[in-house]
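Peer 1: predicted model follows, preceded by the sequence.
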Amino acid sequence: MNESDKKISRRSFIGRGTAGIIGAGIGLTGTAARLTGASPPQQSAEPADPQETKPMIREYRRLGRFGWKVSDISFGNAGMQDPSTLEYAIERGINYVDTARQYYDMEKIIGQIFPSKRDKVFVTTKLDPPVITADVSEEAVTKAVDESLERLNTDYIDCCLIHSVGDPNLGDRTRIENPNIYRAFEKAKKAGKIKGWGASSHGPEVVEEFTWLIENTDIDMIMPGMNFMTKGLEPVLAKAKEKDIAVVAMKTLSAAKKIVQKEYRKDNALVRRLVLKWMLAQPNVDTLAITMRTFEQIDDYVSVSGQRTMTEQEQKMLIGYGRAIDREYCRPGCGGCITACPHGVPIHDILRYRLYYESYEQEKYAMQLYSRLPAAHRAERCRACSGSCLGTCPFDIAIRSKLIEAHSMLTLC
């Protein structure tokens, strides 16, 4: 793909977010068809205690060619400290858990509830991004899979993912064109170590690299970063569905984890639920992988299960919230600013770290990521810069001031 084609693809992805809320949300006020089929045999759709009033998963959807009936709300575990959190999610009917090698020791924490709970959940893990390179060997990929199996305390992984495709920090597309990766996955499948493989992305080249994978490999799952403020992934999702490839959405709440706009703070929980309703109404998405760290969060998110419709008033609130954050929210997968800084300040990365700090309440993690940047590439230098990045954001985010604020947030001083 030449540079001109890349610009066209990226432009199609980063269309105005608030327009997408209305356009892509067609059908929210109507009656949405609900996928039918029995709940997984290992799950109970009813509370064990007749007096139980906790929310339960109300809808299970077919997960691509895996055939597993997966809960529409799924468990993401970045930052989980106690396996009882996952056990509680399973009690609420969640039967899909997503983790990754680089999520601290999350694989090990999940492994603490295995093997007793192993047959109750579909497990995906993501290989450490630096493992996957243009020249990685079959043996290195196999070793990475084996390490995750050991950490998870299981003899099989339902789906093993290449993490962060489409991220220029990790290399160009030759990184995923290496046939050794897929030979290793195929051997792992035959050995029963994995049931399938996939890829995740919220990087600037998400459209291009997912498209290449769908058209040139036997990929079983894609996990895109998307929510009601993103636009342009629809053709990719449609291609995936045509080939019966599972689609798991992540970053669904990245724009609404913690509401900072004053006029919406009192409706924090309601806005989050509306964002999830919007996502559940998307026809080519199988499940939403959402980071859950507390029992309260699990109850909050599970309470939206099975809901694909909104009232007119709810639609107005979601559109209003989208407009309020339109020039504040750095969208996953955009990358419009990726080459804007002549000094090499990674604008999109720093704004993502800010999001982790401010909205995800992952202050320590965000500060650690920021501290790893070379001093010359940190946003402190933006104070004395004339701002050649200004005007490069397709959403009119005030990049320079946001970066300066991010530096203050992410730096101990």
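Peer 2: Structure received.
Peer 1: how about the nearest residue to M221, chain neighbours excluded?
Peer 2: G198 (3.0 Å; Cβ to Cβ, 6 or more residues apart in numbering). Placement of C-beta: from N, CA and C, glycine included.
Peer 1: tell me which other helices or strands the helix or strand where that neighbour lies touches.
Peer 2: If you go by DSSP states H and E, G198 is part of strand 197-201. Secondary-structure packing of strand 197-201 (3 or more Cβ pairs under 8 Å, 6 or more residues apart in numbering; DSSP states H and E): strand 159-162, helix 179-190, helix 206-216, strand 221-224.
Peer 1: for that strand, which strands pair with it and how are they oriented?
Peer 2: Sheet pairing of strand 197-201 (DSSP bridges) gives strand 159-162 (parallel), strand 221-224 (parallel).
Peer 1: need the ones you listed in CSV with mean neighbour count and distance to P235, can you?
Peer 2: CSV is the format used below for the strands paired with strand 197-201 (neighbours: other Cβ atoms under 10 Å; distance: least, Cβ to Cβ, whole Å):
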stretch, mean neighbour count, distance to P235
strand 159-162, 26, 21
strand 221-224, 26, 12
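Peer 1: make TSV out of these and add mean pLDDT.
Peer 2: Listed next are the strands paired with strand 197-201 as TSV, based on pLDDT from 0 to 100:
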stretch	mean pLDDT
strand 159-162	98
strand 221-224	98
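Peer 1: now tabulate those strands in TSV and tack on distance to A240.
Peer 2: Converted to TSV, these look like this (distance: least, Cβ to Cβ, whole Å):
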stretch	distance to A240
strand 159-162	14
strand 221-224	6
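Peer 1: which one of the ones you listed lies nearest to I347?
Peer 2: I347 lies closest, by Cβ to Cβ, to one member of those: strand 221-224, at 21.1 Å.
Peer 1: who's in contact with that closest one?
Peer 2: 63-64, 66, 98, 124, 159, 161, 196-202, 206, 210, 213-214, 233, 236-237, 240, 245-250, 289, 333 (Cβ atoms under 8 Å, 6 or more residues apart in numbering).
Peer 1: mean confidence for the helix or strand following that strand?
Peer 2: Downstream of strand 221-224, the next assigned helix or strand under DSSP H and E is helix 234-242. Averaging pLDDT along helix 234-242 gives 97.
Peer 1: in helix 234-242, what counts as buried?
Peer 2: E234, V236, L237, K239, A240, K241 (16 or more other Cβ atoms under 10 Å).
Peer 1: partners of whatever helix or strand comes next after that helix in the sheet?
Peer 2: Next in sequence after helix 234-242, counting helices and strands by DSSP H and E, comes strand 246-249. Sheet partners assigned to strand 246-249 using DSSP bridges are listed as strand 221-224 (parallel), strand 287-291 (parallel).
Peer 1: sweet, I'm off.
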